[in-house]
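Q: sequence? don't have it. structure:
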């Protein structure tokens, strides 16, 4: 991007965008093809100048920033780029999003800049879900009045987004943008289109990072085998028969741009881009993750008690002893809770208490948001099976101080309220099945992404960190159906917490995380969360994790060292150096 005359460049952007008046989706495809063919080479003559150029302005773009796995990874990427750009003059890193959850600001370094742009959040948070529903939940016939009206509306939104981004890029000398999931998981097609338009017209470099693709756990109805269950992303194929719309859709997801590199989080994704979508190998890469050294630091039993006490204050609105809300009361006001999502601990009835400092407390942790594919309700099936068919029941019968909490860390996206209700009703069913001496001692907690509370300052408490939240657990449960990577397995292992996980899809991704094809020293040990019934051997192993943790100490030590070897900061930093070098090489061809 030539920044010598920003006003002239913005005028050119406006002229190109305003001169297009699409009637059908193919008109937009034609525009994209024209601007892609006319891009001019940059003025960078050597690699060092290219790095200085990008260091002056690099911007991450995401639908929103919170405590979800994607956001956590973005902040890792930003710290690595900060290190790489540090020797260069006046580096500047930006974050652009449709929403910044309040928990995010403690993660942003003082030097980083952020820009909230209305209209670019995704799914049901994109204009209240109106456009997402129209494009992916309803049928839209080719060349119909409805299809043509949507063409004009989406293009109008895309132009507004492209102009807003263009102004920001030119004002802040942004020459490298790093979208994350914007052109792989179609939460907001207007944002994707606007981003493609502005990047191609201005000639911005793009490192496109993909965590999840729409075709993972999704396919057209016509491609389903007899008896095959629907996928969680099937809705993206709702209008596959609207040929003009789907032509645009396939070209955008992902966009094979002039100055775009694709960075995927697993090899399966990369192979599909190359083999099915025609991307050249020189433009497709994989990136792994890294685990902070703080995950590997030793911690004592006293430290765990302190962490649990602080989390107890978060869940009880500042009280040292938690007083669970009866499940029926919570269900009766679930719509209100969805609005404020205040941390809460739930119990079978009123009048119960839980002391977070108790040595008899067992915590099963699911460190994810509440969305259907995470299958959180399966944890409640596991708890039921443990109390009916393992030594855990005897442990509770013989020790009156025993309590169990299933703790879910993340918030519930607006569009996933039904998934939350499914979990709550599964808990209600569990406490109805089990005898009273047990159901009064089984609880479910939702911290909704909170890591602090207003009382922390007066009580001289430090805010919790991600690794603290793992450290408070006896076991991490992860019965997910599909994952792009499966970060909780890696993070739990680094913290020395045993994990019960499903063999999620795609299987290849699960095998990569576990290290199935690596030497035994690098392969992670886990307890398998079965798809069907819980057999006695599995339940015995799971019960041991909860009540006899020392039995599995060798597995814990093994996993920590395996993760330390495989997912370190230096390796990921080297990958980003390679990607920056490749952007320059791409521009020369």
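A: The structure has been received and is ready for your questions. Because the structure is predicted, anything quoted here is derived from the model rather than measured.
Q: contact partners for residue 412?
A: Counting by CB atoms under 8 Å, 6 or more residues apart in numbering, residue 412 makes contact with 338, 341, 369-371, 419-420, 448. Where C-beta positions appear, they are placed from N, C-alpha and C, glycine not excepted.
Q: next: residue 190.
A: Contact analysis of residue 190 by CB under 8 Å, 6+ apart lists 119-120, 126, 131, 154, 157-158, 161.
Q: tell me where the stretch 151-300 of the chain has strands.
A: Using DSSP state E, counting those that start in this stretch, the strands assigned to the stretch 151-300 of the chain run over residues 176-179, 205-210, 260-264, 284-286.
Q: buried residues in the helix or strand following the last one?
A: Read it as strand 284-286. The element immediately downstream of strand 284-286 (helix or strand, assigned by DSSP states H and E) is helix 301-315. When burial is assessed from 16 or more other CB atoms under 10 Å, helix 301-315 yields the following buried residues: 304-315.
Q: run the chain-centre distance for stretch 569-586.
A: Per CA atoms, centre = their mean, to the nearest Å, the displacement of stretch 569-586 from the mean C-alpha position of its chain is 23 Å.
Q: residues in contact with that stretch?
A: 44, 47, 50-51, 54, 76-77, 80-81, 83-84, 176, 205, 207, 259, 261, 263, 282-283, 285, 287-290, 292-293.
Q: related to what we said a few turns ago, so of the contacts of residue 412, which ones are in helices?
A: 338, 419-420 (DSSP state H).
Q: list only those of the residues you listed flagged as buried.
A: Buried by 16+ other CB under 10 Å: 338, 419-420, out of the ones in helices among the contacts of residue 412.
Q: kindly list the main-chain dihedrals of residue 87?
A: As for residue 87, its main-chain torsions (degrees, to the nearest 10) stand at phi -70, psi -10.
Q: what's the burial count for it?
A: 10 (other CB atoms under 10 Å).
Q: over to residue 275?
A: In terms of burial, residue 275 registers 9 neighbours under the definition other CB under 10 Å.
Q: which stretches of the protein have low pLDDT?
A: With pLDDT under 70 as the threshold, the chain has low-confidence stretches at 1-4, 39-47, 587-589.
Q: hmm, back to that, can you pick the most crowded of the contacts of residue 190?
A: The most neighbours, when these are compared by other CB under 10 Å, belong to residue 120, which has 28 neighbours.
Q: re the thing from before, which one of the buried residues of helix 301-315 is nearest residue 384?
A: residue 315 (23.1 Å; CB to CB).
Q: list the contacts for the closest residue to residue 475 other than its chain neighbours?
A: When the adjacent residues along the chain are set aside, residue 475 lies closest to residue 545, with 4.8 Å between them (CB to CB, 6 or more residues apart in numbering). Residues in contact with residue 545 (CB under 8 Å, 6+ apart) are 474-475, 498, 500, 527, 552.
Q: helices along the stretch 451-589 of the chain, start to end?
A: For the stretch 451-589 of the chain, the helices defined by DSSP state H, counting those that start in this stretch cover 466-471, 487-495, 507-514, 536-547, 553-566, 569-588.
Q: so which elements touch the first one?
A: Translated: helix 466-471. Judged by 3 or more CB pairs under 8 Å, 6 or more residues apart in numbering; DSSP states H and E, helix 466-471 is in contact with helix 301-315, helix 487-495.
Q: and the last one, how far from the chain's centre?
A: The reference is to helix 487-495. Taking mean C-alpha positions (CA atoms, centre = their mean), helix 487-495 and its chain are 15 Å apart.
Q: what do you get for stretch 204-217?
A: Taking the mean of its C-alpha atoms, stretch 204-217 sits 13 Å from the chain's own mean (CA atoms, centre = their mean).
Q: and if you look at stretch 6-14?
A: Taking CA atoms, centre = their mean, the mean C-alpha location of stretch 6-14 is offset from the chain mean by 35 Å.
Q: swap in stretch 548-568?
A: Remark: stretch 548-568 is offset 25 Å from the chain centroid, using CA atoms, centre = their mean.
Q: distance of residue 181 relative to residue 370?
A: Here the distance between residue 181 and residue 370 works out to 19 Å (CB to CB, to the nearest Å).
Q: can you check residue 520 too?
A: Between residue 520 and residue 370 the distance is 36 Å, computed by CB to CB.
Q: so for those two, which residue has more residues nearby?
A: Each of residue 520 and residue 370 has its neighbours counted (other CB under 10 Å); residue 370 has more, 24 against 9.
Q: so what's the residue count around residue 48?
A: Burial measure for residue 48: 11 neighbouring residues, criterion other CB under 10 Å.
Q: for residue 438, same thing?
A: Other residues within reach of residue 438 by the criterion other CB under 10 Å amount to 22.
Q: rewinding a little: in a markdown table: the contacts of residue 545, plus neighbour count and distance to residue 15.
A: Written out in a markdown table, the entries for those read as follows (neighbours: other CB atoms under 10 Å; distance: CB to CB, whole Å):
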| residue | neighbour count | distance to residue 15 |
| --- | --- | --- |
| 474 | 18 | 62 |
| 475 | 20 | 60 |
| 498 | 24 | 61 |
| 500 | 23 | 58 |
| 527 | 19 | 61 |
| 552 | 18 | 66 |
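Q: restricted to strands, list those residues.
A: Filtering those for membership in strands, criterion DSSP state E, returns 475, 500, 527.
Q: have a look at this structure and report its longest helix.
A: helix 145-171.
Q: in that one, what counts as buried?
A: Buried residues in helix 145-171, counted by 16+ other CB under 10 Å: 147-148, 150-151, 154-155, 157-166, 168-170.
Q: of the buried ones among the ones in helices among the contacts of residue 412, which is the nearest to residue 213?
A: Nearest member of these to residue 213, counting by CB to CB, is residue 419, at 21.0 Å.
Q: just checking, the closest one touches residue 369?
A: No: in this structure, residue 419 is not within contact of residue 369 by CB atoms under 8 Å, at 9.5 Å.
Q: hmm, back to that, out of the contacts of residue 190, which comes closest to residue 6?
A: Distances from residue 6 to the contacts of residue 190, taken as CB to CB, are shortest for residue 161 (18.5 Å).
Q: mind listing what the residue lying closest to that closest one once chain neighbours are set aside touches?
A: In space, residue 161 comes closest to residue 194 once its chain neighbours are excluded; the distance is 3.2 Å by CB to CB, 6+ apart. Counting by CB under 8 Å, 6+ apart, residue 194 touches 120, 157-162, 165.
Q: do residue 96 as well
A: Counting by CB under 8 Å, 6+ apart, residue 96 makes contact with 59-62, 114-115, 117, 120, 165, 168.
Q: what about it, which SS state?
A: Here residue 96 is strand, with the state taken from DSSP: H, G, I helix; E, B strand; the rest coil.
Q: partner residues bridging it?
A: Beta-bridge partners of residue 96, counted by DSSP bridges, are residue 61, residue 115.
Q: give me phi/psi at the residue located most distally from the centre of the chain?
A: If you look at how far each residue of the chain sits from its centre, by CA atoms, centre = their mean, the farthest one is residue 398, at 41.1 Å. Recorded main-chain torsions at residue 398 are phi -90, psi -10, according to degrees, to the nearest 10.
Q: coming back round to it: would you turn the contacts of residue 194 into a markdown table with distance to residue 565?
A: Listed next are the contacts of residue 194 as a markdown table, based on distance: CB to CB, whole Å:
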| residue | distance to residue 565 |
| --- | --- |
| 120 | 39 |
| 157 | 46 |
| 158 | 45 |
| 159 | 49 |
| 160 | 48 |
| 161 | 43 |
| 162 | 44 |
| 165 | 40 |
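Q: rewinding a little: now the longest helix of the chain, how far from the chain's geometric center?
A: Taking the mean of its C-alpha atoms, helix 145-171 sits 26 Å from the chain's own mean (CA atoms, centre = their mean).
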